[in-house]
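> For reference, the sequence and a predicted model appear below.
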Amino acid sequence: MRKIGLLGGTFDPVHYGHLVAAEAARDARRLDEVWFIPTFLPPHKPQPGADGARRREMLEAAVSGNPAFRVEDIELRKQGTSYTVETVAALRQRYPDAEFHWIVGSDMIRDLPNWRRAEELAASVGFIGLERPDQPSDDASLPEYVRSKLARAEMPPLGISSTDIRRRIGEGRSVRYLLPDAVIEYIQRNGLYES
């Protein structure tokens, strides 16, 4: 059975923090692959600045050199608001031979019980919590159905955010070394995030 990590997000744009997170989870939990799942419309964030097709294309450019990474556009094809429990159910039906693990940042671990149909989600997927060495989290407050499905992966501290990247591009500033050159070239070629 293949072990697949799932990393969801807007990826608006994808940057090295996303790629490092995926690799940290893959390495720590010995995953066969990590699938990046760009959301169409996130339930708790504003509408992305770039449309789904462009975010998918940036992701494809970013992961093209890593055979363990791929883009899964299930949420973009579905459209509408994306809920993890529905995405996982659809992926499990499509890939019954895979064992799925949802990758979450340390800031989201405590929020897992508040996700839509959290108990159903926990019954169908494992969780990989990315933890920074300087910010260990306390699992004692988590319900058992989450705690029993939670594994940890150490995440190097990187202070990179898509919000900051969009702001820098809008101000005409450099974003070199914050995201892959192929993504920078795509953004420039398509005039994304310019003010």
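Here it is on my side, so go on.

> could you point out the longest helix in the protein?
Across the chain, the longest stretch assigned as helix under DSSP state H is helix 16-29.

> Residues contacting that helix, please?
Applying C-beta atoms under 8 Å, 6 or more residues apart in numbering, the set of residues contacting helix 16-29 from outside is 3, 5, 7, 9, 11, 31, 33-34, 36, 62-63, 66, 68-69, 101, 103, 105, 128, 130, 151-156, 158, 160-161, 177-180. Any C-beta I mention is one placed from the backbone N, CA and C, and that applies to glycine too.

> Can you name the next helix or strand after it?
The first helix or strand that comes after helix 16-29 along the chain, using DSSP states H and E, is strand 33-38.

> helices and strands around that next one, which ones?
Counting contacts by 3 or more C-beta pairs under 8 Å, 6 or more residues apart in numbering; DSSP states H and E, the secondary-structure elements packed against strand 33-38 are strand 2-9, helix 16-29, helix 52-63, strand 69-71, helix 74-78.

> helices or strands up against the one helix or strand in the chain whose mean pLDDT sits lowest?
Here the helix or strand of the chain ranked lowest by mean pLDDT, DSSP states H and E is helix 106-109, holding a mean of 84. Identification of packing neighbours for helix 106-109 by 3+ C-beta pairs under 8 Å, 6+ apart yields strand 126-131.

> Next, the angle from the strand it packs on to strand 33-38.
Using axes from the mean of the first three to the mean of the last three C-alpha atoms, to 10 degrees, one finds that strand 126-131 and strand 33-38 are set 80 degrees apart in direction.

> what about strand 126-131, average pLDDT?
For strand 126-131, the mean per-residue pLDDT is 94.

> Give the pairing partners of it; include direction for each.
If you go by DSSP bridges, strand 126-131 pairs up with strand 98-105 (parallel), strand 150-154 (parallel).

> what number of residues lie near Ala89?
When neighbours are counted by other C-beta atoms under 10 Å, Ala89 registers 16.

> residue at max distance from the center of this structure?
With distances taken from the mean C-alpha point of the chain and given as C-alpha atoms, centre = their mean, the most distant residue is Gly172, at 26.7 Å.

> Would it be right to say that it lies in a helix?
No: assigned with DSSP: H, G, I helix; E, B strand; the rest coil, Gly172 falls outside any helix and is coil.

> sorry, back to before: next, report how far the longest helix of the chain is displaced from the centre of its chain.
A distance of 10 Å separates the C-alpha centroid of helix 16-29 from that of its chain, computed with C-alpha atoms, centre = their mean, to the nearest Å.

> got it, and stretch 84-99?
Chain-centre distance of stretch 84-99: 16 Å, with C-alpha atoms, centre = their mean.

> swap in stretch 81-96?
15 Å.

> just to revisit the earlier point, mind checking which of the contacts of helix 16-29 are buried?
Applying a neighbour-count criterion of 16 or more other C-beta atoms under 10 Å, the buried members of those are 3, 5, 7, 9, 11, 31, 33-34, 36, 62-63, 69, 101, 103, 128, 130, 152-153, 155, 178-180.
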